[in-house]
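Visitor: whatever this is, show me its structure:
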Amino acid sequence: MSKDPGKSKLLKRKTRLCSTEAALISIIIHVVLIISAGSIVAVRWLTKPDVAFEGDNTERPKLERRQLQMPVTVKKLQRKSRRPNVKTRMSTQKTRASYFLPDKAKLDGLGNDGVERGERELKGLGSMSGLGFTMPTVNFFGTKAKGEKIAFVVHFGPATIGKNPLTRMTGYTIRKRLEDMVNGLPRTTLFNVACYYAGDTDAIDPKLMLATPENKQKVMDWMAPVNPLEGEYSHNFVWKDAGKRINAAKKNWPTRVDNLPFYSIKWAYPYEVPRDVEQRYLPENKGYKHWNRCVAWAILTQKADTIFLLTTNYIDGWGSGNKGNPAELAASYQYMCTEVYGSDRKTWPSINVVVLANVKENGADKAQEVLNNQFAPIYKAFKGQGSVITDIRRYMTSEEKQKMDEYALQYGQ
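Guide: Numbers count the residues shown, from 1 in each chain. The predicted structure follows:
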């Protein structure tokens, strides 16, 4: 018996319809359940009360305040617990850079510097080493000293600046080596320069200057006119028409004087120790002159911690040569330093002396005698050093020695 095809199709259609209806009913039921569950959660979240924290008012037992068993003195505690002492002066115990004037063997081949570049560079400039900045050590024509506040004092009189190009080579060499030393100072150094002769002391600036490139160039400009090898003139301190202005400025430190003779320094701050100050530190009718006025200038106006002095002989307010009284002069500086720096000798400056020997016979022996007998009480009392320049050629570059030899042939010496 065969099946009816029409009935089969109808049966399949009913089956599909029932399946569709069942699936639709299931979807509707799930949607209704999801909406109901979400509504319940939303209602609970919206109606949830805020959380509040309540402290526990538990009563705690009060502790009785006990008295100290040992009395405490506030003043004693203050003395024991001192505040940190900050020092402005910075130094280091590590290796220090050295800025020095080399011997003739080192001068040759170094160009116009006269100072080895490796020695001139400050190790770690701008950085800290040990407890502070590196302090330079300067070799001033054989005397070595380190310092942060340096005063250079040089003789520019007839003994160093002669009457012809040959003899003028001495002053020329001194000036060039001084330029090298100043150029070798690190930026952290304070310095000043003064030149002198008999009744004159003239500084480049009233105050110590920071060793910046600008201030180093200032020294070069200041000394540039001094001691031209050619020309008719006597020495740096023959003021001519500027004499009255120089003398007036001495009475009113610091006063700048410009328009000086062509062979002199470019400008000057003339200095003399005020009369009442001389009477305070020296006996009546005695005064500071020549090199010892410059030392007074470096102490009283600059408060330097290192003083370098180049001189040709011994002159003080009451005698010259072997007639001077170095012990009395040293005592006056000690009194001066006590009032300027304080009673602690460690804060006093070092005074370093260089004596230039005369080119005449036995000049070196006489210079050594002056250093030993006259200046030793000065520099030893101020933890300094002393030296003698027996031959200025030792401090010349090869070019300068060649120039001096040419002048020797020209002037028959």
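
Visitor: what about the strands in the stretch 101-250 of the chain?
Guide: Counting by DSSP state E, counting those that start in this stretch, the stretch 101-250 of the chain has strands at residues 137-140, 143-146, 149-155, 190-197, 200-203, 209-210.

Visitor: would you list those strands in JSON lines and tack on mean neighbour count, mean pLDDT and distance to residue 305?
Guide: No exception for glycine: its C-beta is placed from N, CA and C like everyone else's. What follows is the strands of the stretch 101-250 of the chain, written out as JSON lines (neighbours: other C-beta atoms under 10 Å; pLDDT from 0 to 100; distance: least, C-beta to C-beta, whole Å):
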{"stretch": "strand 137-140", "mean neighbour count": "22", "mean pLDDT": "95", "distance to residue 305": "12"}
{"stretch": "strand 143-146", "mean neighbour count": "19", "mean pLDDT": "96", "distance to residue 305": "9"}
{"stretch": "strand 149-155", "mean neighbour count": "25", "mean pLDDT": "97", "distance to residue 305": "5"}
{"stretch": "strand 190-197", "mean neighbour count": "25", "mean pLDDT": "97", "distance to residue 305": "9"}
{"stretch": "strand 200-203", "mean neighbour count": "27", "mean pLDDT": "97", "distance to residue 305": "17"}
{"stretch": "strand 209-210", "mean neighbour count": "16", "mean pLDDT": "98", "distance to residue 305": "15"}
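
Visitor: nearest to residue 407 among those would be which one?
Guide: With C-beta to C-beta, the closest approach to residue 407 among these belongs to strand 149-155: 21.0 Å.

Visitor: helices and strands around that closest one, which ones?
Guide: helix 165-183, strand 190-197, helix 291-297, strand 306-311 (3 or more C-beta pairs under 8 Å, 6 or more residues apart in numbering; DSSP states H and E).

Visitor: ok so, going back, would you turn the strands of the stretch 101-250 of the chain into JSON lines with distance to residue 311?
Guide: JSON lines is the format used below for these (distance: least, C-beta to C-beta, whole Å):
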{"stretch": "strand 137-140", "distance to residue 311": "12"}
{"stretch": "strand 143-146", "distance to residue 311": "12"}
{"stretch": "strand 149-155", "distance to residue 311": "6"}
{"stretch": "strand 190-197", "distance to residue 311": "9"}
{"stretch": "strand 200-203", "distance to residue 311": "13"}
{"stretch": "strand 209-210", "distance to residue 311": "23"}
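
Visitor: and those strands: which comes nearest residue 381?
Guide: So among the strands of the stretch 101-250 of the chain, strand 143-146 is nearest, using C-beta to C-beta, at 14.6 Å.

Visitor: low-confidence ranges, this protein, go.
Guide: 1-19, 30-33, 36-133, 317-323, 361, 413 (pLDDT under 70).

Visitor: one step back: so which of the strands of the stretch 101-250 of the chain comes closest to residue 281?
Guide: Of all those, strand 200-203 comes closest under C-beta to C-beta, at 16.1 Å.

Visitor: so what touches the closest one?
Guide: 192-196, 237, 246, 254, 265, 268-272, 293-294, 297 (C-beta atoms under 8 Å, 6 or more residues apart in numbering).

Visitor: same question for stretch 260-269.
Guide: With C-beta under 8 Å, 6+ apart, stretch 260-269 has contacts from 156, 195, 202-206, 221-228, 231, 233, 235-240, 242, 246, 249, 253-258.

Visitor: out of the residues you listed, which are buried?
Guide: Neighbour-count burial (16 or more other C-beta atoms under 10 Å) applied to the contacts of stretch 260-269 gives 156, 195, 202-205, 222-223, 225-227, 233, 235-237, 239, 242, 246, 249, 253, 255, 257.

Visitor: for the residue nearest to residue 326 when sequence neighbours are not counted, give its distance to residue 328.
Guide: Here the nearest residue to residue 326 in space, its sequence neighbours aside, is residue 377; by C-beta to C-beta, 6 or more residues apart in numbering that works out to 4.3 Å. Separation of residue 377 from residue 328 (C-beta to C-beta, to the nearest Å): 10 Å.

Visitor: who touches both of those two?
Guide: In contact with both residue 377 and residue 328: no residue, using C-beta under 8 Å, 6+ apart.

Visitor: burial of residue 266, as a residue count?
Guide: 15 (other C-beta atoms under 10 Å).

Visitor: ugh, wrong one, I meant residue 215
Guide: 19.
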